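J.: What follows is a predicted protein model with its sequence.
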Amino acid sequence: MAPHRRYAVFGHPIAHSLSPRLHGVFAAQTGIALEYTAIDAAPDRFEDALRGFFARGGRGANVTLPHKAAAFALAEVHTSIARRLGVANVLTLLPDGRIEADSNDGAGMLADMRGRCDIDPRGRDVLLLGAGGAACAAAFALLDAGVRTLAIANRTSSRARTLTEVLSGSGQVRALEWDALDRCGAFGLIVNATSAGVRHDALALPRSLVHARTFAYDLSYGPAARPFVEWAEDSGCAVADGLGMLVETAAASFERWHGVRPDVDAALRDLIR
Ligand code: NDP
């Protein structure tokens with residue numbers, strides 16, 4: 001029997017991660033023998049743990065909070081999108097022994113919006129809530145997808161302004177004050193990239209953000225997305241959570257490492273069964 005190829009997801013905490021299950025589903029779909037584990041590494045242990053993993057035969061790793069910037073920093077090769085964002089969620093051991101950093105969060109979000117939600121962001125006026133790492137990836141992806149305008153609101157308004165500056169030159173971008181959301185009209189697409197739901201915090205968004213054709217999308221999924229999803233439904237707009245995005249990003253990592261595109265819809269059905 002061929003030796004198992006080793007892969008892992010690194011985070012802190014990581015016990016909640018669906019990645020081992022997803023890669024197991026993809027492996028079963030494609031008949032590829034592999035081992036995929038979740039490795040909990042505190043920030044001061046991350047680099048040693050990751051280098052040790054690759055030294056002991058690891059071939060690829062997904063990286064989640066709080067290690068995405070550290071993952072970018074320790075890689076020797078960076079894809080253009082990772083370089084643009086300064087973070088990475090996919091690390092791949094190249095044949096010459098160097099580690100490549102990539103970020104596929106933004107592409108995964110777009111693939112889910114277009115493929116499963118039937119939403120094309122092109123030409124829409126978009127409100128992005130949040131200014132952290134996921135918001136930054138979402139913002140670049142949305143601008144690349146041709147949104148008409150992108151407004152960014154964040155609880156800490158200075159971070160929204162900083163992100164707006166980072167994005168300047170990439171499209172029509174402006175920062176909004178969080179406290180003034182009830183006075184800025186409605187949007188065609190509202191993307192929640194805050195971690196409020198994960199932290200069990202309410203967002204208290206005004207219904208005036210929504211018009212008849214608004215689509216709302218939460219990067220969080222499961223119980224963490226419930227408050228935003230309920231707000232969107234109560235406001236009368238269509239909404240989706242980020243489970244499809246998670247599966248899309250896992251599938252893109254799998255394809256990067258194994259050269260085979262797994263069946264995302266079948267994996268999603270398996271997850272929600
Ligand atoms: P970060 O920690 O980098 O950013 C968190 C953001 O949420 C900040 O803008 C922060 O605002 C804001 N925030 C936190 N609590 C509140 C609150 N109570 N009210 C309003 N805003 C709040 O996290 P990430 O950007 O990495 O992740 C954001 C979310 O996206 C997470 O829920 C994560 O699970 C999800 N995600 C989903 C993925 C998927 O595949 N579906 C992939 C990546 C992320 P402030 O600046 O004021 O602190």
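T.: All right, it came through fine. Numbers count the residues shown, from 1 in each chain.

J.: Could you check which residue of the protein lies nearest the ligand?
T.: Taking CB to the nearest ligand atom as the measure, the chain has Gly132 as its residue closest to the ligand, at 2.0 Å. For every residue, glycine as well, the C-beta is placed using N, CA and C.

J.: From what I see, that residue and Asn192 are in contact.
T.: No: Gly132 is not in contact with Asn192 according to CB atoms under 8 Å; the separation is 11.7 Å.

J.: between the two, who's got more neighbours?
T.: Asn192 (30 against 17; other CB atoms under 10 Å).

J.: Now do the same for the more buried one: its pLDDT.
T.: Per-residue pLDDT puts Asn192 at 98.

J.: From what I see, it and Ala134 are in contact.
T.: No: here Asn192 lies out of contact with Ala134, judged by CB under 8 Å, at a distance of 9.9 Å.

J.: Spell out which parts of this structure neighbour the ligand.
T.: Contact residues, the chain versus the ligand (CB under 6 Å from any ligand atom): 65, 105, 108, 130-135, 154-156, 159, 193-196, 198-199, 201, 203, 219-221, 224, 242, 245-246, 249.

J.: What segments of the stretch 1-150 of the chain are helices?
T.: 19-30, 46-55, 68-74, 80-85, 105-115, 133-144 (DSSP state H, counting those that start in this stretch).

J.: right, and the ones you listed - which one's nearest Ala266?
T.: Within the helices of the stretch 1-150 of the chain, the stretch nearest Ala266 is helix 19-30; the backing value is 6.6 Å (CB to CB).

J.: Next, the residues that contact that closest one from outside, please.
T.: The contact list for helix 19-30, computed with CB atoms under 8 Å, 6 or more residues apart in numbering, reads 7, 9, 32-34, 36-38, 62, 246-247, 250-251, 254, 258, 260, 262-263, 266-267, 270-271.

J.: does Leu203 really touch Ala232, like I thought?
T.: No: in this structure, Leu203 is not within contact of Ala232 by CB under 8 Å, at 10.7 Å.

J.: okay, the two: which has more neighbours?
T.: Taking other CB under 10 Å, Leu203 and Ala232 do not tie; Ala232 has more neighbours (26 against 16).

J.: Summarise which helices and strands the lowest-mean-pLDDT helix or strand in the chain is packed against.
T.: Ranked by mean pLDDT, DSSP states H and E, the weakest helix or strand in the chain is helix 264-272, scoring a mean of 93. Secondary-structure packing of helix 264-272 (3 or more CB pairs under 8 Å, 6 or more residues apart in numbering; DSSP states H and E): helix 19-30, helix 243-258.

J.: where do the strands sit along the stretch 101-250 of the chain?
T.: Taking DSSP state E, counting those that start in this stretch, the strands of the stretch 101-250 of the chain run over residues 125-129, 149-154, 173-177, 187-192, 210-218, 238-240.

J.: Just send those strands back as CSV, with distance to Glu47 too.
T.: Below are the strands of the stretch 101-250 of the chain laid out as CSV (distance: least, CB to CB, whole Å):
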stretch, distance to Glu47
strand 125-129, 31
strand 149-154, 29
strand 173-177, 34
strand 187-192, 32
strand 210-218, 32
strand 238-240, 36
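
J.: Of the ones you listed, which is nearest Ile119?
T.: When the strands of the stretch 101-250 of the chain are compared by CB to CB, strand 210-218 sits nearest Ile119, at 5.0 Å.
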